[in-house]
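Q: predicted model, plus sequence, below.
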Amino acid sequence: MAGHRFSVPRFEGVSQEQFIEHLYPQRKPLVLEGIDLGACTSKWTVDYLSQIGGRKEVKIHVAAVAQMDFISKNFVYRTLPFDKLVQRAAEEKHTEFFISEDEKYYLRSLGEDPRKVMDNFLIQVTGKKRVVLFSPRDAQYLYLSGSKSQVLNIDNPDLAKYPLFSKARRYECSLKAGDVLFIPALWFHNVISEEFGVGVNVFWKHLPSECYDKTDTYGNKDLTAASRAVQILDRALKTLAELPEEYRDFYARRMVLHIQDKAYSKNFE
């Protein structure tokens with residue numbers, strides 16, 4: 001289990017001005033309740049989505065379990081007409097299936113737009129989700145591979161393999177139809193759908209435009225300064241590789257301490 005658990009705070013009746021002036025600057029996840037999302041929360045039924053979505057072919061993830069691992073890739077890619085996908089996803093047991101009669105389906109989006117360095121509203125239109133989030137300040141405890149954690153089973157982690165994970169602070173919330181979760185840029189999140197549902201993500205850039213790669217239309221890439229820093233670090237590490245092992249180890253440890261001292265805050269609260 002993660003060592004420290006917190007509930008994501010919930011707010012009802014928050015105006016746009018209140019959110020922007022008081023909540024947004026805190027840069028922490030929160031759930032907004034009572035937002036008027038229009039008729040979609042009641043209108044987007046299985047029958048309606050099947051009818052309105054038509055037979056457009058979509059590429060989906062299919063897995064035997066609910067927790068899809070995007071590092072080891074415990075899923076297969078398959079294609080289904082959109083209406084057939086909706087109908088299958090709403091079933092508990094499938095008469096038609098790719099892997100097993102209780103397989104799970106995930107449609108990331110109707111377009112290819114996996115944004116990772118932008119602020120995000122996750123709008124739960126229908127269904128229920130459980131979302132667990134981890135602060136970017138706890139990145140050193142998450143066993144990252146790229147931008148994803150290797151710890152798949154966050155409820156019962158293998159602490160022999162991932163001992164530092166117990167230090168990560170866990171922020172958890174349940175989303176029901178009509179809830180809106182604010183996920184600040186860089187926060188890690190693990191999502192489990194508790195029933196068939198539809199979520200809509202709204203992303204936006206909150207930093208000045210010059211901070212972002214001008215060729216990055218959708219916010220998928222690291223910030224420009226971060227990319228430059230990683231390139232410089234890679235060059236430094238290649239230079240260290242020219243040294244004998246004993247010297248390389250010593251100077252690498254000094255570099256780590258230097259980065260810790262100069263580059264990030266020791267105040268983790």
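A: On my side now, so go ahead. Numbers count the residues shown, from 1 in each chain.
Q: what's the local residue count around Arg88?
A: 19 (other Cβ atoms under 10 Å). C-beta here means a position set from N, CA and C on the backbone, and glycine is covered the same way.
Q: show me what contacts it?
A: Counting by Cβ atoms under 8 Å, 6 or more residues apart in numbering, Arg88 touches Leu80, His94, Glu96, Phe97, Tyr105.
Q: what segments of the stretch 151-269 of the chain are helices?
A: 224-240, 245-262 (DSSP state H, counting those that start in this stretch).
Q: domain ranges for this protein, per the record?
A: For the chain, the structural domains run 4-210, 223-262, going by automatic domain parsing.
Q: possible to save the ones you listed as JSON lines with distance to Asp216?
A: Output for the domains of the chain, formatted as JSON lines (distance: least, Cβ to Cβ, whole Å):
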{"stretch": "domain 4-210", "distance to Asp216": "9"}
{"stretch": "domain 223-262", "distance to Asp216": "9"}
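Q: with respect to Ser72, which of the contacts of Arg88 is nearest?
A: Distance to Ser72, by Cβ to Cβ, is smallest for Tyr105 among the contacts of Arg88, at 18.8 Å.
Q: so what sits opposite that closest one in the bridge?
A: In this entry, Tyr105 is beta-bridged to Val62, by DSSP bridges.
Q: what's the neighbour count on it?
A: Counted with other Cβ under 10 Å, residues neighbouring Tyr105 total 22.
Q: could I get the full set of strands for the chain?
A: Applying DSSP state E to the chain gives strands spanning 4-7, 10-12, 30-33, 57-63, 75-81, 104-106, 119-126, 129-134, 144-145, 148-149, 169-175, 180-183, 188-193, 198-204.
Q: so Phe121 touches Pro184, yeah?
A: No. Phe121 lies out of contact with Pro184 (Cβ atoms under 8 Å); the separation is 10.7 Å.
Q: neighbour count for the two, which is higher?
A: Legend: neighbour count by other Cβ under 10 Å for Phe121 and Pro184, higher for Pro184 (18 against 15).
Q: how about that one, what does it touch?
A: Listed by Cβ under 8 Å, 6+ apart, the contact set of Pro184 reads Arg27, Lys28, Pro29, Asp119, Asn120.
Q: separation between the residue lying closest to His94 once chain neighbours are set aside and Pro81?
A: Nearest-residue entry for His94: Glu101, 5.1 Å, with adjacent residues in sequence omitted and distances by Cβ to Cβ, 6 or more residues apart in numbering. Distance of Glu101 to Pro81, computed by Cβ to Cβ, to the nearest Å: 20 Å.
Q: among these two, which residue is more densely surrounded?
A: Of the pair Glu101 and Pro81, Pro81 is the one with more neighbours under other Cβ under 10 Å, namely 15 against 11.
Q: quick check: bridge partners of the more buried one?
A: On the basis of DSSP bridges, Pro81 is bridged to Glu57.
Q: surely it meets Lys59?
A: No. Using Cβ under 8 Å as the test, Pro81 is too far from Lys59 to be in contact (11.7 Å).
Q: coming back round to it: just name the most buried of the domains of the chain.
A: Of the domains of the chain, the one with the most neighbours on average (mean count of other Cβ atoms under 10 Å) is domain 4-210, at a mean of 15.
Q: could you give the separation between the terminal residues of that domain?
A: Domain 4-210 stretches 37 Å from its first residue to its last (Cα to Cα, to the nearest Å).
Q: pull the distance from it to the chain's centre.
A: Using Cα atoms, centre = their mean, to the nearest Å, the mean C-alpha position of domain 4-210 is found 7 Å from that of the whole chain.
Q: quick check: mean pLDDT across it?
A: For domain 4-210, the mean pLDDT works out to 90.
Q: about what we covered before: among the strands of the chain, which is nearest Leu243?
A: Using Cβ to Cβ, those put strand 144-145 closest to Leu243, at 26.5 Å.
Q: ok, that closest one: who's next to it in the sheet?
A: Counting by DSSP bridges, strand 144-145 is paired with strand 148-149 (antiparallel).
Q: and the pLDDT at Ala226?
A: Here, the pLDDT recorded for Ala226 equals 89.
Q: can you tell me how far it is from Val117?
A: Using Cβ to Cβ, one obtains 8 Å as the distance from Ala226 to Val117.
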